[in-house]
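S.K.: Just the structure for this:
(chains A, B and C, ligands or ions: 5)
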Amino acid sequence: MKTYFYLLQFSILFFCLSTTIKTEASGSLPRISVEGNRFVTPDGETIIFQGVNFADPDRLVKEGQWKRDLFRVARDWGSNIVRLPVHPQAWRERGKEDYLILLDQAVEWAREFDLYIIIDWHSIGNLRTELFQHEMYKTSLPETYDFWLTISRRYADEPIVAMYEIFNEPTTYQGQLGSLTWDQWADILTDIIYVIRANSPEAIPLVGGFNWAYDLTPLMYAPLNVPGIAYVSHPYPQKRDQPWIPQWERDFGFAADDYPIIATEIGFMQPTDRGAHIPCIGDEEYGRTLMRYFRDKGISWVAWCFDPDWSPQLIKDWNYTPSRSGKFFRDVMLGKENLDE
Amino acid sequence: MKTYFYLLQFSILFFCLSTTIKTEASGSLPRISVEGNRFVTPDGETIIFQGVNFADPDRLVKEGQWKRDLFRVARDWGSNIVRLPVHPQAWRERGKEDYLILLDQAVEWAREFDLYIIIDWHSIGNLRTELFQHEMYKTSLPETYDFWLTISRRYADEPIVAMYEIFNEPTTYQGQLGSLTWDQWADILTDIIYVIRANSPEAIPLVGGFNWAYDLTPLMYAPLNVPGIAYVSHPYPQKRDQPWIPQWERDFGFAADDYPIIATEIGFMQPTDRGAHIPCIGDEEYGRTLMRYFRDKGISWVAWCFDPDWSPQLIKDWNYTPSRSGKFFRDVMLGKENLDE
Amino acid sequence: MKTYFYLLQFSILFFCLSTTIKTEASGSLPRISVEGNRFVTPDGETIIFQGVNFADPDRLVKEGQWKRDLFRVARDWGSNIVRLPVHPQAWRERGKEDYLILLDQAVEWAREFDLYIIIDWHSIGNLRTELFQHEMYKTSLPETYDFWLTISRRYADEPIVAMYEIFNEPTTYQGQLGSLTWDQWADILTDIIYVIRANSPEAIPLVGGFNWAYDLTPLMYAPLNVPGIAYVSHPYPQKRDQPWIPQWERDFGFAADDYPIIATEIGFMQPTDRGAHIPCIGDEEYGRTLMRYFRDKGISWVAWCFDPDWSPQLIKDWNYTPSRSGKFFRDVMLGKENLDE
Ligand SMILES: [Mg+2]
Ligand SMILES: [Mg+2]
Ligand SMILES: [Mg+2]
Ligand SMILES: [Mg+2]
Ligand SMILES: [Mg+2]
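M.R.: Ligands and ions are numbered 1, 2, ... in the order given. The predicted model follows:
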């Protein structure tokens, strides 16, 4: 048992360090929870999220751009939430303790500008077979459990970290990354949510479906048997040909009748833009159609990406000059875009 | 097939090295087996085990305390068994071959003082999710299989290594380490016992239940479908409030009607002692109640811990001066403690 | 999504590099496929394979023997196929990219001498428990998935790489490597074939059974539910006592009525030969009996091993001087051995 004793000492020490590193919760932002198909504040008021994705904090440190200004400008654009994509490779290479320092810092800057945070385990591929779309997305089920154990313990009492996005984009890449049934994926997600809930009962787990987190059709017959979660879609312009709305409705939008939905990645760019790629080619027509659809359905959203290199880019440079899509989403958030004209 | 051939050569070489490193079995201690709810000698006589836990041999080497004297004093106190807790981290860091040298040495010292040995894979946590209570307990299912393959091959013909304790303390930590059903745990244990039995048909696998190896209630409806094993409980004083006996009976003692039970960790200490921690605070009242209960039920036991640092400590220093609990358990083993007064 | 973009760039770059490294398919050898219980060419003609195993290309490089001459002599002996056993340890230690360079080179030499290639993931043991017969065979299910993803993407358009042997020799070693049911093994194989097929729809996966890829009896009641595959047996002389044929028929030969069968390892040696070991001791009586049986059943085969050290050896030295078994199999391939006399 003596080893057990040291653990307790360690836990207490760790707890003290945690609370030292974290500043006191200001209470400036209330805890968000799920009620029916809505995100709600403690007084039951509906909140719709809109905001931007940052690049991986580890990358931003390396670029010298991990700054309070990111959060300030995100707020100036009208965001009420930001999403932090944590790449498994960056998590391992920086090391857990060092990476947590970045996330702790994010919480403080977010607090200053009244922004909520989504922490996103930014992998792409098949977590069952451990085949991924690129080396930087490589992880395993035990590492994913451990990531969420660590995150959910760290931010259990921090309402600003409102949502945990369990796994960015599940895909088998047309089977090339091995098979994964919805039942298998639902079991994996349920196991991870169990860990999260035991350590952080109040935060909201976010669940994405197949086809790179686009497709939520399995919710028609087999939603997760877990209350209090929200679902994700990433409806980039070329996921479907026009007309979009009937297809969005069939593919993910129908689920907004029963669950809170948040599109944690959307965006568009021109074919001639730097980094242009399928499925992101589109323009303001896509943007307006999507924004009207989301408004009508009560769907929250987070645009990709507040970074001059990660496409589709919302900014052109580190002066935060908006790109064409950046201007569009900023104007929507600020109410300057007339979606109905 | 040529690679296969080299394997055979290697195996033979390995076998020779093994038998060279090991001294011949003296036959001084007979093989123990399971008969009904008893540990028995070859002539069918019941044997009740009593003894002490040492610290991890790897730690003792580092402290300069890995000595024949440990075994001598354990015997002087009346022990007929000692338990060696092998931490997964120590196993990896020392390396398999070097660690086995320590265990081989333990066998020789145990032989000299007529002590049986329990080898204990000293992890704490959830082996299914690979979430553990501390870094030193971190392992995986394949590493655990490999540990038991290695141990069971090494000591198959050595009756002194009487018992293999598969996994020290299974716990989900109130779900924080992920979910683990009894059926899942039983499947894992059955798979490991299968490996052990194929390599070492005669040694006795020891199986612990949830709540840090305290709880054996699932045996009421779903015992492992494996003959010849024994079950473990770790009934530290604060696992239950007084009165203890009806709760011990309900939680693990009832199983002694059908299976051999060995409490591989017990102990107590004062709240003011160094390293005091829940669930170990208690005194001789606990000790006497437990010892009477074990005597009446035929339950074997091993006290924690014959080490001046690992609490609850049985010794105060490396002169092996008994602590208060050390004095108590020593006197019980030597028949000097009147349990019924 | 920006990270996704980089992936696409990377994929395109990788594709370009791949096609640069690979020379154009000459079309000299047509694509082989499975039709009923036969291997067939595009015009539906049956092809029976006969050939030799090389040692692991990584080993041959280290020995200074990775040469075009290997392929030339294999062809001179009458081979139409060669098998390349890739040991997981060699794959990891050389590194994926460097190992692929060796395999690319093999394809070019094979093309020059009209030889097909089997790539063989040369592990021995239990892939479910990750217990193997020796360190060099150590792998995991995710590593095995990744190996086949890599290989099947690399050689999808290369008919010369006709077959992928998923796992050389599955065995539990009489349970010492843990349990593995046929259903569990079939599920693992089906998962791997799914990855292979998604990346390389036309190559033929090869499936081996238990008892070191000797036993195909489960095909009587539970063949894999996957079309277009072939099955493997390794009927070394001592797998069964004489008379061999009724036992071969019962153990694997019966399956040749329904599936293409290829014996990817056969061979014999004298008890006094260097490296002699069970189950390989035998002589030309075994050889002739087996060759007649294979001829009558339409079973393809690949002899072990075109190497002076890996036993049973087909050559005595690096001048490719045939050993006794080498002379036998060479003469069979060249039609110089009268099997019916
Ligand atoms: Mg303990
Ligand atoms: Mg998919
Ligand atoms: Mg072999
Ligand atoms: Mg528990
Ligand atoms: Mg077998």
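S.K.: what's the burial count for the nearest residue to A:Val52 once chain neighbours are set aside?
M.R.: With sequence-adjacent residues excluded and distances taken as C-beta to C-beta, 6 or more residues apart in numbering or on different chains, A:Val52 is closest to A:Phe306, at 4.2 Å. (Each C-beta comes from the backbone N, C-alpha and C, glycine too.) Look at A:Phe306: counted by other C-beta atoms under 10 Å in any protein chain shown, it has 27 neighbours.
S.K.: need the contact list for A:Phe306.
M.R.: Residues near A:Phe306 by C-beta atoms under 8 Å, 6 or more residues apart in numbering or on different chains: A:52-55, A:70, A:73-74, A:82, A:314-315, A:320, A:326.
S.K.: Export those residues to TSV and append columns for secondary structure.
M.R.: Formatted as TSV, these follow (DSSP: H, G, I helix; E, B strand; the rest coil):
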residue	secondary structure
A:Val52	strand
A:Asn53	strand
A:Phe54	coil
A:Ala55	coil
A:Leu70	helix
A:Val73	helix
A:Ala74	helix
A:Val82	strand
A:Leu314	coil
A:Ile315	strand
A:Tyr320	coil
A:Gly326	helix
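S.K.: Now the buried members of those residues.
M.R.: A:52-55, A:70, A:73-74, A:82, A:314-315, A:320, A:326 (16 or more other C-beta atoms under 10 Å in any protein chain shown).
S.K.: any chance of the residues you listed in a markdown table, with distance to ligand 1 and pLDDT too?
M.R.: Shown next, in a markdown table, are the buried ones among the contacts of A:Phe306 (distance: C-beta to the ion, whole Å; pLDDT from 0 to 100):
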| residue | distance to ligand 1 | pLDDT |
| --- | --- | --- |
| A:Val52 | 48 | 98 |
| A:Asn53 | 45 | 98 |
| A:Phe54 | 43 | 98 |
| A:Ala55 | 44 | 98 |
| A:Leu70 | 46 | 98 |
| A:Val73 | 52 | 98 |
| A:Ala74 | 48 | 98 |
| A:Val82 | 43 | 98 |
| A:Leu314 | 53 | 98 |
| A:Ile315 | 54 | 98 |
| A:Tyr320 | 54 | 98 |
| A:Gly326 | 56 | 98 |
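S.K.: now, which of those residues sits nearest ligand 3?
M.R.: A:Ala55 (49.1 Å; C-beta to the ion).
S.K.: That closest one and A:Pro85 touch, don't they?
M.R.: Yes: with contacts counted by C-beta atoms under 8 Å, A:Ala55 reaches A:Pro85, the gap being 7.2 Å.
S.K.: can you pull the contacts of A:Val207?
M.R.: A:166, A:189, A:224, A:229-232.
S.K.: redo that, cut-off 7 Å
M.R.: Applying C-beta atoms under 7 Å, 6 or more residues apart in numbering or on different chains, we find A:Val207 in contact with A:166, A:189, A:224, A:229, A:231-232.
S.K.: Please report which of these has the highest neighbour count.
M.R.: A:Val232 (27 neighbours).
S.K.: For it, give its distance to B:Tyr236.
M.R.: From A:Val232 across to B:Tyr236, the span is 45 Å (C-beta to C-beta, to the nearest Å).
S.K.: And for whichever helix or strand A:Ala106 is part of, what's in contact with it?
M.R.: Counting by DSSP states H and E, the element that carries A:Ala106 is helix A:96-112. Helix A:96-112 is touched from outside by A:21-23, A:26, A:28, A:57-58, A:61, A:66, A:68, A:71, A:82, A:84, A:91, A:117, A:119, A:150, A:154, A:158, A:160-161, with contacts defined as C-beta under 7 Å, 6+ apart.
S.K.: Spatially nearest residue to the closest residue to chain B within the stretch 201-341 of chain A, not counting backbone neighbours?
M.R.: Residue of the stretch 201-341 of chain A nearest chain B, by C-beta to the nearest C-beta: A:Pro201 (10.2 Å). Distance criterion C-beta to C-beta, 6+ apart; nearest residue to A:Pro201, sequence neighbours excluded, is A:Ala156 at 7.5 Å.
S.K.: Burial check on that neighbour, number of neighbours?
M.R.: Neighbour count of A:Ala156, defined by other C-beta under 10 Å: 16.
S.K.: follow-up on the earlier one: right, and out of the contacts of A:Val207, which lies closest to ligand 4?
M.R.: A:Leu189 (22.1 Å).
S.K.: Which secondary structure state does the residue nearest to A:Pro201 sit in?
M.R.: Applying three-state DSSP: A:Ala156 is coil.
S.K.: Per-residue confidence, the residue nearest to A:Val52, what does it come out as?
M.R.: In this model, A:Phe306 is scored at 98, pLDDT.
S.K.: roughly how far apart are it and B:Asp69?
M.R.: 66 Å.
S.K.: Okay, helices next: where are they in chain A?
M.R.: Under the criterion DSSP state H, chain A contains helices at A:2-21, A:57-62, A:68-76, A:88-94, A:96-112, A:141-154, A:182-199, A:210-213, A:244-251, A:284-297, A:324-333.
S.K.: Please tabulate these in TSV and include distance to ligand 4 as additional columns.
M.R.: Formatted as TSV, the helices of chain A follow (distance: least, C-beta to the ion, whole Å):
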stretch	distance to ligand 4
helix A:2-21	14
helix A:57-62	35
helix A:68-76	41
helix A:88-94	28
helix A:96-112	24
helix A:141-154	15
helix A:182-199	11
helix A:210-213	33
helix A:244-251	41
helix A:284-297	42
helix A:324-333	47
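S.K.: about what we covered before: show me the two of the contacts of A:Val207 that sit farthest apart.
M.R.: Using C-beta to C-beta, the pair of the contacts of A:Val207 lying farthest apart is A:Leu224 and A:Val232, separated by 12.4 Å.
S.K.: Quick one: mean pLDDT over the helix holding A:Ala106.
M.R.: Here the average pLDDT along helix A:96-112 is 98.
S.K.: Good, wrapping up.
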